[in-house]
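**Q** prediction below, plus the sequence it came from.
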Amino acid sequence: MAKTDDRLSYEDAREQLIEVVRTLEAGGTTLAESLSLWERGEELAKVCQDALDGARARLDAVIAQREDQREDQPEDADD
C-alpha cells in the first residue's frame, strides 16, 4: 500500500480504520495478515490523532485571539 497517510482526510482515515478493526474482529486472517492490519490500523490512528490535534490547536488559537481582542477593547465609560 502506498504511503499516502499524510494526504488522507480525517474522515477517510477514520473509515479505513473502522474497516481494519472490523476485519480484525471478524478473525479468519493469518498471523501475518493480522499483524499487517494492526500496523495499518496504528498508522491510520496516528493520522486521525494528528488531525484532531491540529483541529484542537486551531480552536485554541481562535479562542486565544478572541480573548486578546476582548482585552484590547476599551471599557465602556458611563458618562
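**A** Alright, I've got the coordinates.
**Q** how much space between residue 19 and residue 27?
**A** From residue 19 over to residue 27 the distance is 15 Å, taken as Cβ to Cβ, to the nearest Å. For every residue, glycine as well, the C-beta is placed using N, CA and C.
**Q** next one: residue 67
**A** 51 Å.
**Q** can you show me the helices along the protein?
**A** With DSSP state H, the ranges of helices along the chain come out as 10-26, 31-72.
**Q** highest mean neighbour count out of the ones you listed?
**A** helix 10-26 (a mean of 14; mean count of other Cβ atoms under 10 Å).
**Q** and it, what does it pack against?
**A** With contacts taken as 3 or more Cβ pairs under 8 Å, 6 or more residues apart in numbering; DSSP states H and E, helix 10-26 sits against helix 31-72.
**Q** what is the mean pLDDT for the helix it packs on?
**A** Averaging pLDDT along helix 31-72 gives 95.
**Q** tilt between it and helix 10-26?
**A** 150 degrees (axes from the mean of the first three to the mean of the last three Cα atoms, to 10 degrees).
**Q** roughly how far is helix 31-72 from the heart of the chain?
**A** With Cα atoms, centre = their mean, to the nearest Å as the basis, helix 31-72 stands 4 Å off its chain's centre.
**Q** before we move on, what about stretch 26-40?
**A** For stretch 26-40, the distance to the chain centre is 23 Å (Cα atoms, centre = their mean).
**Q** got the CA coordinates for it in PDB?
**A** Only the C-alpha atoms of stretch 26-40 are listed here, as PDB (Å, rounded to 0.1, in the frame of the first residue of the first chain):
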ATOM      1  CA  ALA A  26     -14.100 -10.900  12.400                       C
ATOM      2  CA  GLY A  27     -11.000 -13.100  12.600                       C
ATOM      3  CA  GLY A  28     -10.100 -15.600   9.900                       C
ATOM      4  CA  THR A  29      -6.900 -13.900   8.900                       C
ATOM      5  CA  THR A  30      -3.400 -15.300   9.100                       C
ATOM      6  CA  LEU A  31      -1.000 -14.100  11.700                       C
ATOM      7  CA  ALA A  32       0.900 -12.200   9.000                       C
ATOM      8  CA  GLU A  33      -2.300 -10.600   7.700                       C
ATOM      9  CA  SER A  34      -3.400  -9.700  11.300                       C
ATOM     10  CA  LEU A  35       0.000  -8.100  12.000                       C
ATOM     11  CA  SER A  36      -0.200  -6.100   8.700                       C
ATOM     12  CA  LEU A  37      -3.700  -4.900   9.500                       C
ATOM     13  CA  TRP A  38      -2.700  -4.000  13.100                       C
ATOM     14  CA  GLU A  39       0.200  -1.900  11.700                       C
ATOM     15  CA  ARG A  40      -2.100  -0.200   9.200                       C
END
